[in-house]
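Colleague: sequence and computational prediction follow.
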Amino acid sequence: MTGWNNVVRAGARLGAAVLLATSGCSNSDGKNPAAPPVSQARVVRYEISGKYARPLTISYTDLSGAAVTIAAPLPWSRDLTYPANVLGIAIAGSSVIDNRGSSGQTVTIRILSSGTVVQTRSDSAASNGLVVIPAFSYVFP
């Protein structure tokens, strides 16, 4: 059950990261004087690659700022153009519990913004074949 707990924890961390990244402070009239206006959409690419032979559970921020969870084999990528009101994004990846890889197999997750790598995380499968890359985020400048 330990592997499943890691998946649940990673999903919870992604939810918290999405909430943190998409919420902001505002004054009583609903405006946010601390944040400069953002007039441009942001082009983002999520990439997951590696030598992991099994599908991963992938959670990432969708266009509305909500978390989406899917299962997909490697390599995997998703291109999204986020509206200006999404302040940050997050992604996580972990083994599908009943479909483990082999010890030492690797996974790398990258977030690219406008073609530039802005965040990267990697992990290797443990002796039980599970790999977990906890949620990590990127806040747009």
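Modeller: Okay, I see it. Residues are numbered from 1 along each chain as shown.

Colleague: who are the packing partners of the helix or strand hosting Ile58?
Modeller: Assigned by DSSP states H and E, Ile58 falls within strand 56-61. Under the contact criterion of 3 or more CB pairs under 8 Å, 6 or more residues apart in numbering; DSSP states H and E, strand 56-61 touches helix 2-22, strand 42-50, strand 67-72, strand 76-82, strand 88-95. Every residue, glycine included, has its C-beta placed from N, CA and C.

Colleague: change it to 10 Å
Modeller: helix 2-22, strand 42-50, strand 67-72, strand 76-82, strand 88-95, strand 106-113, strand 132-139 (3 or more CB pairs under 10 Å, 6 or more residues apart in numbering; DSSP states H and E).

Colleague: return the member of these having the minimum mean pLDDT.
Modeller: Sorting the helices and strands packed on strand 56-61 by mean pLDDT places helix 2-22 lowest, at a mean of 44.

Colleague: got a list of what the residue nearest in space to the middle of the chain touches?
Modeller: By CA atoms, centre = their mean, the chain has its centre lying nearest to Ile91, at 0.4 Å. Going by CB atoms under 10 Å, 6 or more residues apart in numbering, Ile91 touches 14, 17-18, 44, 46-48, 58-61, 67, 78, 109-111, 119, 121, 133, 135-138.
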